[in-house]
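1. need a 3D model of the following:
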Amino acid sequence: MTRTLFLASVLASVAVPLAAQQPEQRIDRVGHIVAMVGDSAILNFDIQEGIIARAAMVRQQPPAPGTPEYAQVEEIVMNDLIAEMLVLQDALRDTTIVVPDDQIVRAVQRQIEQDQEQLGGAVALERELRSSGRTIADYRSALNTQYRKRELVRLYQMKAAQSRRAPRVTEQELRDAFEQQRAQLPMREATITFQQIVMRAEPSEEALAEARARADSVVTRIRAGEDFAELARRFSDDGTRANGGDLGFIRRSDVVREFANVAFNLNPGAISAPVRTQYGYHLIKVERVRGAEVQARHILLRPQLSDGDAIRTRARADSVADRARAGEAMAALATQYGDGETPLRGGPAPIDTLQRVFQLDLSGAEVGDVIGPIPVGGEEVASEFYIIKVLELEPAREWRLEDPQMNWLRERIAQQKLLDEIVQELRRSTYVDIRSS
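-> Sure thing, here's the model as predicted:
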């Protein structure tokens, strides 16, 4: 029997919104053991919950008990729960795999807020939970457990991928998986492929000096013992301020070079001197180091842009756009005038998304058009100007396996095959007893 992907079936079921669940499906809570994995038990209602969650993910009714379809899904869920338990037990034995409590708290809160929004508010959520015999505290506790399991498995799998090579994915496996997924895939939106030049407004020397002075002032307060996260909430000039400057776990590729060069050379608990990047001055604190990742906080002090800074940059961008329209190569212009960080080629990207981001009407765009400069960012004064050259326009259609965006499927199959190998190894060395369910 072909098994569905363990990662997609059991662990991803955590993310099924409450609004998509089926409260009319009552679960027998008179628990009896249907399987033992090591010293842990799988109960009959664990199987029932898994069957209902699988059906909810694809917006279908669960099969009726006693039918061949039910027996088939029951076997799949049983095997997935055994695999999950084997991995979790091994992950918990590994003291290098740690899930931060605050990360789980944030994930649970986001899910509850999404459920409230979908159902029409906090009262509606509590009413929905009561209809299935649960309280908001029960739901929060269940989400906490589920998200922690999912993160443990993710970190376990990430560590395994660093230490051993995943099995090769054959083209036939890829085609088979694509055919299985095709019915659930939405239509591929109309897309645009383009080249882009991003020109950033440069602050004046006076503005840079003022930002540096503010950074030095905050550093002094940190050295005097004030809390880094609280100072980030008060003074940081970016979207992480509400979370005390928390960036979570980051890799070098996630941040600009100047930031990475400092953050990845700090010891846990250390705080940097002001670090200048294209965004301003950063103060960086490393909380933890985990392999190739660091958990960091930062405080960003941006130099204030003036109308004059934006006007000068707009004039340069107008000139560059005119040269592109006259036939000069976008690559050469990007090298000379671009920000040095944004890739030249963009897309294929959904046209609707690009229109929302840039607040543009692209309905009349044609291949070869040069669009812009487009002012972006800044609350009062634009901080960037984009120049875009249209390379390709494609109408909405069904997904194809060769679409670049489908690369995720090959990666997921490889991850699943590696995890299957590990599960089989764990199963050979662990006591597993399946009883009648």
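2. okay, CA-based contacts and neighbour counts for the rest of this
-> Fine.
3. which stretches of the stretch 201-350 of the chain form helices?
-> 205-223, 228-235, 257-263, 307-325, 330-337 (DSSP state H, counting those that start in this stretch).
4. out of those helices, which is closest to residue 197?
-> Closest approach to residue 197 among those (Cα to Cα): helix 330-337, 5.2 Å.
5. ok, and what's touching the closest one?
-> Under the criterion Cα atoms under 8 Å, 6 or more residues apart in numbering, residues 195-199, 320, 324, 340, 344, 389 lie in contact with helix 330-337.
6. could you give the angle of it to helix 307-325?
-> Helix 330-337 and helix 307-325 meet at an angle of 150 degrees, taking axes from the mean of the first three to the mean of the last three Cα atoms, to 10 degrees as the criterion.
7. roughly how far is helix 330-337 from the heart of the chain?
-> 31 Å (Cα atoms, centre = their mean, to the nearest Å).
8. check which residues of that helix are buried.
-> 330-331, 333-334, 337 (16 or more other Cα atoms under 10 Å).
9. top helix in this structure by residue count?
-> For the chain, the longest helix by residue count, based on DSSP state H, is helix 136-163.
10. can you give me the mean pLDDT across that one?
-> Per-residue pLDDT over helix 136-163 has a mean of 88.
11. packing partners of that helix?
-> helix 68-93, helix 101-119, helix 122-131, helix 407-429 (3 or more Cα pairs under 8 Å, 6 or more residues apart in numbering; DSSP states H and E).
12. make CSV out of the helices of the stretch 201-350 of the chain and add mean pLDDT and distance to residue 94.
-> Formatted as CSV, the helices of the stretch 201-350 of the chain follow (pLDDT from 0 to 100; distance: least, Cα to Cα, whole Å):
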stretch, mean pLDDT, distance to residue 94
helix 205-223, 93, 35
helix 228-235, 93, 30
helix 257-263, 93, 26
helix 307-325, 92, 53
helix 330-337, 94, 47
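13. quick one, which of the ones you listed is packed in tightest?
-> Across the helices of the stretch 201-350 of the chain, the average number of neighbours (mean count of other Cα atoms under 10 Å) peaks for helix 228-235, which reaches a mean of 19.
14. re the thing from before, how about the longest helix of the chain: buried residues?
-> 136, 139-140, 143-144, 146-153, 155-157, 160.
15. how about the contacts made by the nearest residue in space to residue 399 that is not next to it in sequence?
-> Counting by Cα to Cα, 6 or more residues apart in numbering, residue 399 lies nearest to residue 188, which is 5.6 Å off, once chain neighbours are set aside. Residues near residue 188 by Cα under 8 Å, 6+ apart: 396-399.
16. most surrounded residue in the residues you listed?
-> residue 399 (16 neighbours; other Cα atoms under 10 Å).
17. who's in contact with residue 262?
-> Applying Cα under 8 Å, 6+ apart, the residues near residue 262 are 272, 275.
18. over to the one 10 residues further on?
-> Under the criterion of Cα under 8 Å, 6+ apart, the neighbours of residue 272 are 262-263, 266, 283-285.
19. can you check residue 368 too?
-> Applying Cα under 8 Å, 6+ apart, the residues contacting residue 368 are 389-391.
20. residues in contact with the nearest residue to residue 234 once chain neighbours are set aside?
-> The shortest distance from residue 234 to any non-neighbouring residue, by Cα to Cα, 6+ apart, is to residue 241 (7.4 Å). Contacts here follow Cα under 8 Å, 6+ apart; on that basis residue 241 touches 232-235, 299.
21. next, count neighbours for residue 168.
-> 12.
22. next, it: secondary structure please.
-> Three-state call for residue 168 (DSSP: H, G, I helix; E, B strand; the rest coil): coil.
23. mind pulling up the pLDDT for residue 426?
-> pLDDT at residue 426 comes out at 92.
24. state the distance from it to residue 35.
-> 16 Å (Cα to Cα, to the nearest Å).
25. which of the two has more neighbours?
-> More crowded of residue 426 and residue 35, by other Cα under 10 Å: residue 35, with 20 against 16.
26. how about the nearest residue to the more buried one, chain neighbours excluded?
-> residue 434 (4.3 Å).
27. same deal with residue 312?
-> Closest to residue 312 by Cα to Cα, 6+ apart is residue 201, at 7.9 Å.
28. name the nearest of the contacts of residue 272 relative to residue 420.
-> The closest of the contacts of residue 272, once distances to residue 420 are taken by Cα to Cα, is residue 263, at 35.5 Å.
29. wait, that closest one touches residue 286, no?
-> Yes. Because the distance of 6.8 Å satisfies Cα atoms under 8 Å, residue 263 is recorded as touching residue 286.
30. identify the contacts common to the two.
-> With Cα under 8 Å, 6+ apart as the test, residue 263 and residue 286 both reach 294, 296.
31. give the buried residues for stretch 237-252.
-> In stretch 237-252, counting by 16+ other Cα under 10 Å, buried: 237-238, 240-241, 244-246, 249-250.
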